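Peer 1: Based on what follows, work out the 3D shape:
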Amino acid sequence: LGHLSGLMEFYAQDLTISEGLLRLFRDYAEQFIAVLDSESCLSLFRASSDLLKSYSSHHCSSNRVIVHSSEEEQKYDDVLCAIELLIQLGTKDFIDIGDQSGINSMQVSEMIFFGLQQILPLMTRGLLQYPNLCTQFFSLVGFMLETYAEQIKLLPYDLFDALLESLLYGMSHHDESIAKSSLQGLTGIAREHLETRVLDVHIATSQNHEGLIDKCTRRLLMEVIFQNIIWDRIEPAGVALLPLAAIDINRFAVVVQSISSQVQPEHQQRLVAAFQALLKPEVLAKASSTGYEGRKNRIMFKKDFEIFCHEIHSFLTIK
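Peer 2: Okay, the predicted model is just below:
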């Protein structure tokens, strides 16, 4: 595998060979990762990391022109293969097997995030217009951030910002599965920050006058929850809103107050009252709970969130 990944250094400029190597590694991982022993797993990790690094070093600095047509997506099968390789390496079945073979989840997560770091610069808004690429990318990101959100502190700020922007773009996507994967990823980040303050390193770096959490909250409310698209993604939207509100309820209230100023005056108090009924202190206090208490709390919030959505959509009109 090491020798095969080394070929990418010499042939990265040839898209046909690049795609062939990525496809080979993807197919190998798909077929054999469940039965590899510890040494073979680590060998696959190292070779995949080297492969993606060599691939990225050329293609992330190249200027590939994106022209949309019915057949154009096939020209980006190399990017799709890179995404699918990471999906195969990060499957839950692999982690289960890994516990028995000496591979721990930290080794898995570090490799997956290293791989994501290599392909993130390739995932422009233009490429996300291609349905299959978009679906697979958000499937990967949603899974990774739900499972390994603690690793986002390792990303450079510009890549983290690009990742966050892709989630905020995806959560209002017309495709329900893409929206749900995006909201799944946003939830993973919010929960991890609620528990460990994982975003502090990026918050300190951000030059945006609007805080990261405030931005996520505002866009979730304005672009998803207050829109008619909410009904096919109501559950993941509610699951994402709970930890965002619990991180800092006072900041959340400031965002709500700002939004309420855009509502017709006769409905402003009604909107604020709906939020107060939804965000009960005892529910927010258990937002990071796990086990039975956590599940019970989330079920309670889910029911309240559905009531909240029906209530606000009966009168809400944003200016």
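Peer 1: Does Lys302 touch Ala237 like I think?
Peer 2: No: using C-beta atoms under 8 Å, Lys302 makes no contact with Ala237, being 10.5 Å away. To be clear about C-beta, it is placed using only N, CA and C from the backbone, and glycine gets the same treatment.
Peer 1: of these two, who's got more company?
Peer 2: Legend: neighbour count by other C-beta atoms under 10 Å for Lys302 and Ala237, higher for Ala237 (24 against 14).
Peer 1: do you know how far the more buried one is from Phe275?
Peer 2: Using C-beta to C-beta, to the nearest Å, Ala237 is found at 15 Å from Phe275.
Peer 1: got a list of what Ser139 touches?
Peer 2: Neighbour list for Ser139: Ile87, Ser177, Ser181 [criterion: C-beta atoms under 8 Å, 6 or more residues apart in numbering].
Peer 1: So which bits of the strand or helix carrying it are buried?
Peer 2: Using DSSP states H and E, Ser139 sits in helix 131-148. Using 16 or more other C-beta atoms under 10 Å as the test for burial, helix 131-148 gives 133-148.
Peer 1: what do you get for stretch 220-235?
Peer 2: Neighbour counts over stretch 220-235 (16+ other C-beta under 10 Å) mark Leu220, Leu221, Val224, Ile225, Phe226, Ile229, Ile230, Arg233, Ile234 as buried.
Peer 1: Which of those residues sits closest to Glu30?
Peer 2: Proximity to Glu30 was ranked across the buried residues of stretch 220-235 by C-beta to C-beta; first place goes to Arg233, at 29.2 Å.
Peer 1: still on that earlier bit, take the buried residues of stretch 220-235 and lay them out in CSV including distance to Leu271, secondary structure and pLDDT.
Peer 2: CSV is the format used below for these (distance: C-beta to C-beta, whole Å; DSSP: H, G, I helix; E, B strand; the rest coil; pLDDT from 0 to 100):
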residue, distance to Leu271, secondary structure, pLDDT
Leu220, 15, helix, 98
Leu221, 10, helix, 97
Val224, 16, helix, 97
Ile225, 12, helix, 96
Phe226, 10, coil, 95
Ile229, 19, helix, 95
Ile230, 15, helix, 96
Arg233, 21, coil, 97
Ile234, 18, helix, 97
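Peer 1: nearest to Leu21, of the residues you listed?
Peer 2: Of all these, Leu21 sits closest to Arg233, with 36.9 Å by C-beta to C-beta.
Peer 1: so what's the closest one up against?
Peer 2: Applying C-beta under 8 Å, 6+ apart to Arg233 gives the contacts Met171, Glu176, Ala179, Lys180, Leu183, Val224.
Peer 1: Could you verify my assumption that the third one touches Tyr169?
Peer 2: Think Ala179. No: contact between Ala179 and Tyr169 fails when scored by C-beta under 8 Å: they sit 10.2 Å apart.
Peer 1: ok, those two, which is more surrounded?
Peer 2: Each of Ala179 and Tyr169 has its neighbours counted (other C-beta under 10 Å); Ala179 has more, 22 against 17.
Peer 1: a helix runs through the more buried one, doesn't it?
Peer 2: Yes: according to DSSP: H, G, I helix; E, B strand; the rest coil, Ala179 belongs to a helix.
Peer 1: need the helices for the stretch 151-300 of the chain, in chain order.
Peer 2: Taking DSSP state H, counting those that start in this stretch as the criterion, the stretch 151-300 of the chain contains helices spanning 157-170, 176-196, 200-205, 212-220, 234-247, 249-260, 265-278, 281-285, 291-312.
Peer 1: Save these as JSON lines, and put in distance to Glu30 too.
Peer 2: What follows is the helices of the stretch 151-300 of the chain, written out as JSON lines (distance: least, C-beta to C-beta, whole Å):
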{"stretch": "helix 157-170", "distance to Glu30": "25"}
{"stretch": "helix 176-196", "distance to Glu30": "20"}
{"stretch": "helix 200-205", "distance to Glu30": "33"}
{"stretch": "helix 212-220", "distance to Glu30": "34"}
{"stretch": "helix 234-247", "distance to Glu30": "27"}
{"stretch": "helix 249-260", "distance to Glu30": "42"}
{"stretch": "helix 265-278", "distance to Glu30": "43"}
{"stretch": "helix 281-285", "distance to Glu30": "42"}
{"stretch": "helix 291-312", "distance to Glu30": "33"}
